[in-house]
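> sequence first, predicted model second:
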Amino acid sequence: MGLTMLTGHGPDTDAAAEVKLTRRELEVLALASTGNTTAKIAESLSLSPATVKSHFENIRLKLGVTDRTAAVAYAIRSGLIG
């Protein structure tokens with residue numbers, strides 16, 4: 001999956017429709033997409049950094065990607081976030 005992310009060939013929108021992220025997970029992704037750090041995301045959402053990290057782990061598993069950057073790229077390409 002990582003190579004797919006690097007080559008610019010991402011998931012189609014049908015695959016994106018199958019992904020079930022929570023509202024909070026989408027908020028975390030949206031904030032990450034603008035370059036916010038874990039600490040800044042935590043502060044913005046009134047969460048602990050550990051909770052934000054937990055959200056990223058859940059997002060990573062649900063999207064089937066290897067890291068935070070790949071998760072943000074997937075979410076943007078598939079229209080999960082703007």
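Arrived safely, thanks for sending.
> show me where pLDDT drops low in this protein?
Counting by pLDDT under 70, the ranges of the chain that qualify are 1-17.
> tell me where it has strands.
Ranges of strands in the chain, per DSSP state E: none exist.
> for the protein, which helix is longest?
Assignment by DSSP state H gives helix 49-63 as the longest helix of the chain.
> residues making contact with that helix?
With contacts defined as C-beta atoms under 8 Å, 6 or more residues apart in numbering, helix 49-63 is touched by 19-21, 24-25, 28-29, 32, 38-39, 41-42, 45, 47, 66-68, 70-71, 74-75. No exception for glycine: its C-beta is placed from N, CA and C like everyone else's.
> list the contacts of residue 21.
If you count contacts by C-beta under 8 Å, 6+ apart, then residue 21 has 29, 59, 62, 80 around it.
> what about the first one, neighbour count?
Just to be clear, that refers to residue 29. Neighbour count of residue 29, defined by other C-beta atoms under 10 Å: 23.
> same question, the second one
Residue neighbour count, defined by other C-beta under 10 Å, stands at 25 for residue 59.
> could you do the one 4 residues further on as well?
If you count neighbours by other C-beta under 10 Å, residue 63 ends up with 25.
> and it, how far is that from residue 45?
As defined by C-beta to C-beta, to the nearest Å, residue 63 lies at a distance of 19 Å from residue 45.
> in the protein, which spans are helices?
Going by DSSP H, the chain shows helices at 2-7, 13-18, 23-33, 38-45, 49-63, 68-77.
> does residue 81 touch residue 33 like I think?
Yes - taking contacts as C-beta atoms under 8 Å, residue 81 lies within contact range of residue 33: 5.8 Å.
> between the two, what contacts are shared?
Residues within reach of residue 81 and of residue 33 at once, by C-beta under 8 Å, 6+ apart, are 72, 75.
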